[in-house]
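**Student:** Fold the following for me, if possible:
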Amino acid sequence: MFARFSLKAKMILAFVGISMLLLLVGGIGWQSNRTVVGVYSVIANQNLPNVNSIGRIRYRAQELNRTILRASLAKTPQEVSKWHEEFKESIVRNDELTKKYLEVPFLPNEEVIFAKVDAGWKKFVEGGEKLMEAALKGDQASVDRILDGEIPQLRRNHDDALSELLVFHEEAVKQAKIKAAEATSRGETFVIIIIAVGFLAATSVGYIFATSLAKSLTRISGEISNSADQTSASGTQLSAASQQLSSGSSEAAASLEETVASIEELSSMVKLNADHAKEANALSQKSKDSAEHGESEITKLIGAMEEIAKGSKQIEEIITVIDDIAFQTNLLALNAAVEAARAGEQGKGFAVVAEAVRNLAQRSAVAAKDITTLIQENVSKSENGARVASQSGSVLKDIVTSVKKVADLNNEISVASQEQASGLEQISKAMNQLDQATQGNAASSEEVAASSEEMSAQAVSLADLVVDLRTLVQGVGSAQRAAPASQSKAPLAFKPSMKTAMVKRKTEMESVLPLEDGDRKVGNVAGF
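**Tutor:** Residues are numbered from 1 along each chain as shown. Presented below is the predicted three-dimensional model:
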């Protein structure tokens, strides 16, 4: 059955088996540890807190008993009241301890015993209350009777219940320790048995596996040693490839010479174009500056024109005012004439109208003066706009001149570019020839490199592999004795196709020792 498996699969199965044993040992140890931890967790989280609470409850019960005794001995009602308050405080403190005890979950059968403790405590408290009431009333006979009769018995009943509960927890701790010890012992026994069985199984499987593997590797090392002797015959192929490489190198040298000449010519033309481009760049910068200056002057011209337009608008408004004044003056003059006609020689109305006409005349005079001033300003601004426009014309003229020079330089650059294209065409032809020769050299170089690397890799790797295999199978001393014998063998004739031979030898080796699960055809390692 195992003969169908590869070496990889067999090693995986062996290590998986050992890992399973380790996993089983770890699982048993973990389970045992978990059991022990669970047991001691119950002791730490339930038994010990409860035992501590029982001790404190017992102390509070003793404190309550002392308070009752002191109250019975009190001489005055004030002392009785004092001890009565202390009695109540003791009850409250004990109730707090009981509440804390109940916070811990009950163990099996613990609740029944605790019910006895709780009942005993309540009866003990009732007895104390009776004694306190009698003491407060001054009934000393009842106090003595309760103190000597009921209280001791109630105290013993409560204390006995506490002792029973304490014994219960001590027994629970004891049983838990026994359970933990049994779990630990059982886990240790299982672990020892599994370790012993695993050791015997691993030793047996390892011995069988190593013996079978050593036989197969011995056969493989012999096959590899015979194949390694064929690597010395590849010198002939290297010599032929070297001749082809030499011829290709000569053709490449001639093409490179033509390429160098064309590159020198192209370099001079590129330099000339660079100078022209530099000058064209300077002129373009100058044209840019002139254009910016022209733009600034035109902006000024636009501002002057806007000022003229603004002045003209003001003139229009003033003329409108004058026109209105003239119209009103005519009306007033007409009214004055009418009044004068009606009044005859009595011309009071005419005097009023005449005064209004005089005022309008004054306004007209002022408006006329303003018109004169504005007209003068507009004339000045118009002259300024004309001067700015003239400057703008000069700037634009400079720009045109610069643009013409740029056009001439661009023409020269175009001619130089044509010459560069011709030179580049020559370079392209030379590079084509160089490319063909280079391709031939590359093919020859590839063949030489492949043959050399293949031969060297085969010789080194096969020799090392033989030594490693013999070291693995026979030990260091046997491998060192066998290595010189292998190196002294005469080289055999090498096959024409190195890659085909390598593929064939790889197939032969895998047929002897399958290295992957998919190769199931031939298996000569059936013994393990």
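
**Student:** from here on, contacts and neighbour counts on C-alpha atoms
**Tutor:** OK.

**Student:** what about Asn273, is that helix, strand or coil?
**Tutor:** Of the three states, Asn273 takes helix under DSSP: H, G, I helix; E, B strand; the rest coil.

**Student:** Skipping adjacent residues, who's closest to it in space?
**Tutor:** Distances taken as CA to CA, 6 or more residues apart in numbering place Ile413 nearest to Asn273, at 6.0 Å, with adjacent residues excluded.

**Student:** tell me which element the one you found falls in.
**Tutor:** Assigned by DSSP states H and E, Ile413 falls within helix 348-474.

**Student:** quick revisit: give me the neighbour count for the residue nearest to Asn273.
**Tutor:** 20 (other CA atoms under 10 Å).

**Student:** Kindly indicate whether Phe106 is helix, strand or coil.
**Tutor:** coil.

**Student:** ok, back up a step: same question for the helix holding Ile413, mean pLDDT?
**Tutor:** Across helix 348-474, pLDDT averages out at 70.

**Student:** just checking, the residue nearest to Asn273 touches Lys271?
**Tutor:** No: contact criterion CA atoms under 8 Å: Ile413 and Lys271 do not qualify, at 11.3 Å.

**Student:** how near is Leu213 to Asn226?
**Tutor:** Leu213 sits 20 Å away from Asn226, going by CA to CA, to the nearest Å.

**Student:** more neighbours, the two?
**Tutor:** Between Leu213 and Asn226, counted using other CA under 10 Å, Leu213 has the larger neighbour count: 18 against 14.

**Student:** Any idea how many residues pack against Ser461?
**Tutor:** Neighbours of Ser461 (other CA under 10 Å): 12.

**Student:** Who are the contact partners of it?
**Tutor:** By CA atoms under 8 Å, 6 or more residues apart in numbering, no residues touch Ser461.

**Student:** any idea how far Asp148 is from it?
**Tutor:** Taking CA to CA, one finds Ser461 at 108 Å from Asp148.

**Student:** burial of Lys369, as a residue count?
**Tutor:** Counted with other CA under 10 Å, Lys369 comes out at 11.

**Student:** going forward, begin numbering at 764 instead of 1
**Tutor:** All right, first residue 764 from here; so that's Lys1132.

**Student:** so what's it up against?
**Tutor:** For Lys1132, no residue counts as a contact, taking CA under 8 Å, 6+ apart as the criterion.

**Student:** Met774 versus that one, what's the distance?
**Tutor:** If you go by CA to CA, the gap between Lys1132 and Met774 works out to 122 Å.

**Student:** do Ala1045 as well
**Tutor:** Here the distance between Ala1045 and Met774 works out to 81 Å (CA to CA).

**Student:** show me the contacts for the closest residue to Ile1085 other than its chain neighbours.
**Tutor:** Leaving aside its sequence neighbours, Ile1085 sits nearest to Ser1127 (CA to CA, 6+ apart; 5.8 Å). Ser1127 makes contacts with Ile1085, Ile1088, Ala1089, as judged by CA under 8 Å, 6+ apart.

**Student:** rerun at 10 Å
**Tutor:** For Ser1127, the contact set (CA atoms under 10 Å, 6 or more residues apart in numbering) comprises Ile1081, Ile1082, Val1084, Ile1085, Asp1086, Asp1087, Ile1088, Ala1089, Thr1092, Arg1121, Asp1133.

**Student:** So among the residues you listed, which ones count as buried?
**Tutor:** Ile1081, Ile1082, Ile1085, Ile1088, Ala1089, Thr1092, Asp1133 (16 or more other CA atoms under 10 Å).

**Student:** Now do the first one against Leu917, distance only.
**Tutor:** Same thing as Ile1081. 128 Å.

**Student:** now, which of the buried ones among the contacts of Ser1127 sits nearest Glu852?
**Tutor:** Ile1081 (110.9 Å; CA to CA).

**Student:** I'd like the distance from the closest one to Gln1091, if you could.
**Tutor:** Taking CA to CA as the measure, Ile1081 falls 15 Å from Gln1091.

**Student:** Please apply the same query to Thr1136.
**Tutor:** 24 Å.

**Student:** Repeat that for Ser1047.
**Tutor:** 66 Å.

**Student:** Which parts of the protein belong to which domain?
**Tutor:** 765-985, 1020-1217 (automatic domain parsing).

**Student:** just so I know, which of those domains lies nearest Leu1228?
**Tutor:** Nearest of those (CA to CA): domain 765-985, 7.8 Å.

**Student:** coming back round to it: more neighbours: which of Thr1136 and Gln1091?
**Tutor:** Gln1091 (15 against 12).

**Student:** can you pull the contacts of Gly1074?
**Tutor:** For Gly1074, the contact set (CA under 10 Å, 6+ apart) comprises Met1068, Glu1080, Ile1134, Leu1137, Ile1138, Glu1140, Asn1141, Lys1144.

**Student:** Could you point out which residue ranges in the stretch 914-1063 of the chain have low pLDDT?
**Tutor:** In the predicted model, the stretch 914-1063 of the chain carries pLDDT under 70 at residues 984, 991-992, 994-1020, 1023, 1026-1027, 1030, 1033, 1037, 1040, 1051.

**Student:** Kindly write the PyMOL command that selects the buried subset of the contacts of Gly1074.
**Tutor:** Entered in PyMOL, the line below selects the buried ones among the contacts of Gly1074, by 16+ other CA under 10 Å:
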select buried, resi 1068+1134+1137+1141+1144
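
**Student:** from the contacts of Gly1074, which is closest to Glu896?
**Tutor:** Distances from Glu896 to the contacts of Gly1074, taken by CA to CA, are shortest for Glu1080, at 119.8 Å.

**Student:** Need the three-state assignment for the closest one.
**Tutor:** With three-state DSSP as the criterion, Glu1080 reads helix.

**Student:** Only the buried residues of stretch 771-785, if you could.
**Tutor:** Lys773, Ile781, Leu784, Leu785.
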